[in-house]
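In: with the sequence up front, the predicted model follows.
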Amino acid sequence: MKKDASRRTFLKLSLASVIGMTLGGKELISPAQAADLPHLTADDPQAKALQYTDNSPHEDKKCSGCALLQGEDGAEWRPCQLFPGKAVSVNGWCSAWVKRP
Ligand code: SF4
């Protein structure tokens with residue numbers, strides 16, 4: 001059980017690292033552009049695959065605390081590195097959630 005959790009955490013961090021290296025830690029869009037992004041919905045195929053919901057079932061795991069969230073603090077909907085071209089709710093969650101360092 002513990003080994004599975006460690007493996008899962010390792011895989012999530014690896015994914016986040018690869019994305020971070022790919023993006024160079026830079027925001028790809030401006031705050032104004034981010035505000036115009038369409039909202040990600042749970043019926044989007046990639047959202048379904050990662051069990052995304054805009055209302056996290058976890059009290060301590062929300063997009064607002066995820067290392068993959070981008071954009072400006074204070075915005076209700078923000079870009080996410082895993083869903084280019086869409087905005088996710090800061091109160092959302094998906095199975096790729098990685099704790100912000
Ligand atoms: S929990 Fe999922 S949807 Fe939310 S910011 Fe992290 S990777 Fe993106």
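Out: Perfect, thanks for sending it. Numbering: from 1, shown residues only.
In: and stretch 78-92, what's buried?
Out: Buried residues in stretch 78-92, defined by neighbour count with 16 or more other CB atoms under 10 Å: 78-83, 86-90, 92. C-betas here are computed from N, CA, C, even on glycine.
In: restricted to strands, list those residues.
Out: In strands, defined here by DSSP state E, the members of the buried residues of stretch 78-92 are 78-79, 87-89.
In: and for residue 33, the neighbour number?
Out: Residue 33 has 12 neighbouring residues, counting by other CB atoms under 10 Å.
In: what does residue 46 give?
Out: Residues within reach of residue 46, counting by other CB under 10 Å, total 13.
In: off-centre distance for the strand or helix carrying it?
Out: For residue 46, the enclosing helix or strand under DSSP states H and E is helix 45-49. Relative to its chain's centre, helix 45-49 lies at 13 Å (CA atoms, centre = their mean, to the nearest Å).
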